[in-house]
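> Need coordinates for the below:
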Amino acid sequence: MANPAATTLRIVLGDYPHTRPLKRGEITSPWLKLDFIEVTPLYQAFKPMVREHAYDASEMALVTYFQSKDHNKGLVLLAAAMLARFQHGTILFNTERHKLTPNDLPGRRIGVRSYSQTTGVWLRGILQNDYGVDLSGVQWVTFEDGHVAEAGDPPGVIRARADRDITTMLIAGELDAAIYGAALPKDPRLQSVIPDPDGAARNWYSKHALVPVNHMVVVTDEFARSNPPAVAELYRLLEEARKAAPPAGPIDTAPFGKENNRRCLDLLLSYCAQQKLISSRLKFEDLW
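Residues are numbered from 1 along each chain as shown. Reported below is the predicted structural model:
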């Protein structure tokens with residue numbers, strides 16, 4: 001029987017093997033009730049969380065969180081990774097128009113949903129630091145604002161018209177390449193700019209020993225201040241659900257704990273600073 005005195009926490013989480021035990025009610029707390037709010041696509045929960053504190057807790061894109069921390073938006077990070085993936089296959093070009101490799105990107109027009117999209121930041125960091133691509137020579141075309149209103153795009157980034165679609169523009173040749181998130185288009189004409197992206201990702205993992213994390217979990221500072229035990233209980237529940245769905249292979253794509261995420265977060269912070277998305281003073285120790 002539910003405890004009528006239990007604290008209710010409104011939360012947005014994606015649907016993953018390590019969140020389903022919570023969403024299905026298989027892992028519960030006698031005094032913390034999780035009220036799951038479903039948002040599809042998930043990234044549309046991030047802007048209201050940052051700008052309005054629309055939920056008590058939410059999965060959150062890391063670059064959005066970094067920018068929210070940089071601009072004092074009142075969110076607290078939990079060291080609970082929700083989504084991580086290799087990024088090498090997320091930049092596509094149209095094979096019917098030309099062949100592109102990373103070396104060909106300077107001077108080209110590349111589309112990305114938002115300049116601060118975490119996948120885009122990871123991918124640009126990989127292109128710059130592992131392939132030597134001069135990012136300043138690329139014309140970046142975006143389709144949405146970032147989630148943090150105070151964090152504008154760097155100079156030179158342009159916005160597509162509101163009625164334009166990134167894939168339509170790529171196929172028509174109005175973009176030379178485009179960076180996608182989780183949902184890659186199925187069109188066989190669109191292929192990876194980075195050759196053999198799976199092999200490239202394996203080599204990158206051998207070098208860095210990490211999988212790029214896109215999303216972790218945040219709570220509002222109001223909730224964290226008013227009920228610290230509930231925040232600790234939320235983390236315990238997330239961790240229990242994680243243990244109930246261990247990694248399917250040798251690579252952990254949902255690491256928990258500050259130290260287990262340190263190298264990943266340090267690397268992404270360095271990419272963000274390179275790309276002028278955060279102030280250079282923001283460090284790993286400032287995130288918590």
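
> Show me this protein divided up by domain.
Taking automatic domain parsing as the criterion, the chain consists of the domains 7-85+211-287, 91-208.

> Could I get the ones you listed in JSON lines, plus columns for mean neighbour count and mean pLDDT?
Using the backbone N, CA and C atoms, a C-beta is placed for each residue, glycine as well. Putting the domains of the chain into JSON lines (neighbours: other CB atoms under 10 Å; pLDDT from 0 to 100) gives the following:
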{"stretch": "domain 7-85+211-287", "mean neighbour count": "18", "mean pLDDT": "96"}
{"stretch": "domain 91-208", "mean neighbour count": "17", "mean pLDDT": "96"}
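
> for the residue nearest to Glu38 when sequence neighbours are not counted, which residues make a bridge with it?
Nearest non-adjacent residue to Glu38, counting by CB to CB, 6 or more residues apart in numbering: Val12, 7.6 Å away. For Val12, the beta-bridge partners are Ser58 (DSSP bridges).

> residues contacting Val12?
Shown in contact with Val12 (CB atoms under 8 Å, 6 or more residues apart in numbering): Phe36, Ile37, Glu38, Val39, Leu42, Ala45, Met49, Tyr55, Ala57, Ser58, Glu59.

> Closest one of the residues you listed to Arg97?
The shortest approach to Arg97 among these belongs to Leu42, at 31.8 Å (CB to CB).

> pretty sure that closest one contacts Ser58?
No - here Leu42 does not reach Ser58: they are 9.3 Å apart, not a contact under CB atoms under 8 Å.

> And the contacts of Val12, which is closest to Asp198?
Among the contacts of Val12, and counting by CB to CB, the member closest to Asp198 is Leu42, at 24.7 Å.

> now the residue lying closest to that closest one once chain neighbours are set aside, what's its secondary structure?
Spatial nearest neighbour of Leu42, excluding adjacent residues (CB to CB, 6+ apart): Gly14 at 4.9 Å. Classification of Gly14 using DSSP: H, G, I helix; E, B strand; the rest coil returns coil.

> gap between Gly14 and Leu237?
To Leu237, Gly14 is 16 Å away according to CB to CB, to the nearest Å.

> element containing Pro195, please.
Using DSSP states H and E, Pro195 sits in no helix or strand.

> what do you get for Ile110?
Using DSSP H and E, Ile110 sits in strand 109-112.

> Direction included, what does that strand pair against?
Strand pairing for strand 109-112, using DSSP bridges, gives strand 139-142 (parallel), strand 177-179 (parallel).

> Pretty sure Glu150 sits against Ser68.
No - at 9.2 Å, Glu150 does not count as touching Ser68 under the criterion of CB under 8 Å.

> which ones are touching Asn129?
Tyr271, Gln274.

> mind checking how far the helix or strand that contains it is from the chain centre?
Taking DSSP H and E as the criterion, Asn129 maps to helix 118-131. Relative to the chain's own centre, helix 118-131 is displaced by 13 Å; criterion: CA atoms, centre = their mean, to the nearest Å.

> Alpha carbons of it, as CSV, please.
Provided in CSV are the C-alpha atoms of helix 118-131 (Å, rounded to 0.1, in the frame of the first residue of the first chain):
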residue,chain,number,x,y,z
THR,A,118,25.4,17.7,-27.0
THR,A,119,25.9,15.3,-29.9
GLY,A,120,27.0,18.2,-32.1
VAL,A,121,29.5,19.3,-29.4
TRP,A,122,30.9,15.8,-29.0
LEU,A,123,31.2,15.4,-32.8
ARG,A,124,32.8,18.8,-33.4
GLY,A,125,35.3,18.1,-30.6
ILE,A,126,36.2,14.8,-32.2
LEU,A,127,36.6,16.4,-35.6
GLN,A,128,38.8,19.2,-34.2
ASN,A,129,40.9,17.2,-31.8
ASP,A,130,41.2,13.8,-33.6
TYR,A,131,40.9,14.7,-37.2
